[in-house]
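*Asks:* Got a predicted structure plus its sequence, pasted below:
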Amino acid sequence: MTAARVLDAARERFRRGGRAALPAGVVRPEIVASWERSVGASVGGPVDPPFVGHHDGGPLVAAADAVLHRFARENPEVGCSVALVGDDAVVRVRYDTDPALGELLDAAGLVPGHRCDEASVGTTAASVAAHERRAVLVEGPEHLHPAWRLLREAAAPVGGGRIVVVAHASEPVTPALARLLADAVADHDERDRRRRVLAVHDAMSALRAEGVPWVVAATGDETWLGREVAALPDADRQALGDALTTSVLLDETGGPRHLDLPSGVCAEVDLREVRGEDGEVFGAVLAGGPVPVHAGAGRVSVAAREARRRQGSHVAPTGRRDFAADLHRDPSSGEEARRRATQELFGPYERMRRDATAALGRRRHLLLVGENGVGKRTLARERFTYLFPRGTSTTVDCTGPADDLRLDPGSLDPVGGEAHLVLLDQVHALTPVAARRLDEALRPLTAMPGRVVVVGCLDSAAVDAARPYGLLLRHFHDTVRVPALRHRTDELAGLAQAVLRSMSGARSLRLSHQVVRVLEGYAWPGNIAELEDVLRYVVARKPVGIVQPPDLPALCFTSAPRLTMLETAQADAIIHALYETRGNRYKAAAMLGIARSSLYRKIDAFGISYIA
């Protein structure tokens, strides 16, 4: 008890005068360091750590859940609680062997889904172990918050987190037990990893034994390429890897699909999940190969015809033309090829999202190019958060002074195995001095593979590699073009309604069908920013009810400019489909691979006359 009184007195001295007020040797250095980091924490009132939710923690959380659950079930007499705290200080798993102790932990905020960092609850064994990188013990009086002074903790690092053993301050607990449990969790995690890798490797080997020419497999952060895939050009290998990564990230595995590789080769691939006996997804494999140019004597495959149509007339068949080929061809295959071609034509934004997801999912540095106001920053943050729910981000305003463009690699070190997003906003506005400063700051960051993802936002009107931002282009791996709002007519109604809902709050305000048609017919030179201005104008003048065309500002009724090249191509495809289906819009929509409502809107927007 004497030691407890001495620590209580030392803690109060520290709160009044800081480290300088502490007697030498009374408090351990690692505890004093934690007290200093916790100075801003509210330790006088009720504990209230923020709730951040139960995000998927990956294999480590599953391993800890199995090990700690077994420990608590087999040792009910130990009178302690065991938990896993992630690198982000969020409690992932907790099991209690004593209900009374569990109530104390609930009162202290050590509850799954809550972030118990030093800024919220002060000193904890998990936070001290994170900084010391070793097993530690924190006695009751060494905690800053009163609710935690009733507890004695031991914690040991494991992977991307810490195993914490908690007991009442009057009960014994040692770091040795925390180390033992941490080792057990690490062993369980390694066995699970080997089981997943072996299952995916076996699936890959089985496909190769069947004679499948191209096989790509992935589990976690590991990707394997078959011998034939490894011999492909770099761009083709990357395209196949991106197809597998994107399908896994967007949960679109299953079923064959067509790929046009950068080298001009057409491929048919099948994306399959690899599952364990209990249904757990271990990984995924891509199986397929190139589509032969000649599908028979004098006959050309559907994919080859599609490739020639896209690439130009210089790609020509070498054999004699079979004028009866259309009679032998499976009609459904031609319709499927046409749907594939038109889906890219009518869905540029969806394809852009897939490309951005693939690049960020493989943690490649990305340059987003688009008109001012198309939502490049929003897209980058939304896709990054989707892929890395616990990731962190830093936004750099490239219009600011050069002295402000400094990035500390130490402060950007991600936690819990997640990535850190560095978003460079308006890189086209960089001055020569600012570009050099930012280039120096990016060099160590781009040398941190998998830890930091850099995304630059560039206005398409300012694209010129001779400008100062050209110095930064060597840091980026991919470029993705974000289409303008006028090319997103299919989703404009939903987008406008979402913006309107966010502005009107709980008020009942919605868009009429006629207003949606007006919005779809406007060119939106200011893109999403202009859409927000228009809806802000509407909300200010229409408190509740249904928005009608007279409620819109006059600019929405200005005559539309000439069709762009993309719109012209879309109109030509619609006219061709309507002619082939003799004006049947239902069949034309199915042929084009788009919804009937989208077809009707585009027919009205392009002014296409009735075709019978």
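*Replies:* Cool, the structure landed. Computed from a prediction, not measured in an experiment: that's the story for all the values here.
*Asks:* By mean pLDDT, point me to the weakest helix or strand of this structure.
*Replies:* Every helix and strand of the chain was ranked by mean pLDDT, DSSP states H and E. The lowest is helix 325-328, at a mean of 43.
*Asks:* Now do the end-to-end distance for stretch 476-483.
*Replies:* One end of stretch 476-483 sits 20 Å from the other (Cα to Cα, to the nearest Å).
*Asks:* Actually, stretch 52-60.
*Replies:* With Cα to Cα, one end of stretch 52-60 sits 19 Å from the other.
*Asks:* Check which helix or strand residue 437 maps to.
*Replies:* Using DSSP states H and E, the element containing residue 437 is helix 432-446.
*Asks:* chain center to the next helix or strand after that helix: distance?
*Replies:* Next along the chain after helix 432-446, taking DSSP H and E as the criterion, comes strand 452-459. Put simply, strand 452-459 sits 14 Å off its chain's centre (Cα atoms, centre = their mean, to the nearest Å).
*Asks:* Return the residues in contact with the residue lying closest to residue 223 once chain neighbours are set aside.
*Replies:* Spatial nearest neighbour of residue 223, chain neighbours left out: residue 241 (6.1 Å); criterion: Cβ to Cβ, 6 or more residues apart in numbering. (Each C-beta comes from the backbone N, C-alpha and C, glycine too.) Residue 241 sits next to 216, 218, 223, 225, 362 when contact means Cβ atoms under 8 Å, 6 or more residues apart in numbering.
*Asks:* Just want the most central residue of this protein.
*Replies:* With distances taken as Cα atoms, centre = their mean, the residue of the chain nearest its centroid is residue 387 (2.1 Å).
*Asks:* And the pLDDT for that residue?
*Replies:* In this model, residue 387 is scored at 83, pLDDT.
*Asks:* With residue 223 as the reference, measure out to it.
*Replies:* According to Cβ to Cβ, to the nearest Å, residue 387 and residue 223 sit 16 Å apart.
*Asks:* same check, this time on residue 92
*Replies:* 27 Å.
*Asks:* the more surrounded of these two?
*Replies:* Using other Cβ atoms under 10 Å, the more surrounded residue of residue 92 and residue 223 is residue 92, with 22 against 15.
*Asks:* you'd agree the more buried one is up against residue 111?
*Replies:* No: counting by Cβ atoms under 8 Å, residue 92 does not reach residue 111; the two are 11.0 Å apart.
*Asks:* Pretty sure the residue nearest to the centre of the chain sits against residue 360.
*Replies:* Yes: between residue 387 and residue 360 a contact is recorded at 5.6 Å, counting by Cβ under 8 Å.
*Asks:* before we move on, the earlier item: and the helix holding residue 437, what's buried?
*Replies:* By 16 or more other Cβ atoms under 10 Å, the buried positions in helix 432-446 come out as 434, 435, 436, 437, 438, 439, 441, 442, 445, 446.
*Asks:* residues making contact with it?
*Replies:* For helix 432-446, contacts defined as Cβ under 8 Å, 6+ apart pick out 365, 396, 398, 400-403, 405-407, 409, 412, 422, 424, 430, 452, 454, 468-469, 471-472, 475.
*Asks:* Residue 531 versus the residue nearest to residue 536 when sequence neighbours are not counted, what's the distance?
*Replies:* The shortest distance from residue 536 to any non-neighbouring residue, by Cβ to Cβ, 6+ apart, is to residue 503 (6.3 Å). To residue 531, residue 503 is 11 Å away according to Cβ to Cβ.
*Asks:* Name the residue in the two with the higher neighbour count.
*Replies:* residue 531 (20 against 15).
*Asks:* Can you spell out which helices and strands pack onto the helix or strand the more buried one falls within?
*Replies:* For residue 531, the element it lies in under DSSP H and E is helix 527-541. Helices and strands touching helix 527-541, by 3 or more Cβ pairs under 8 Å, 6 or more residues apart in numbering; DSSP states H and E, are helix 489-504.
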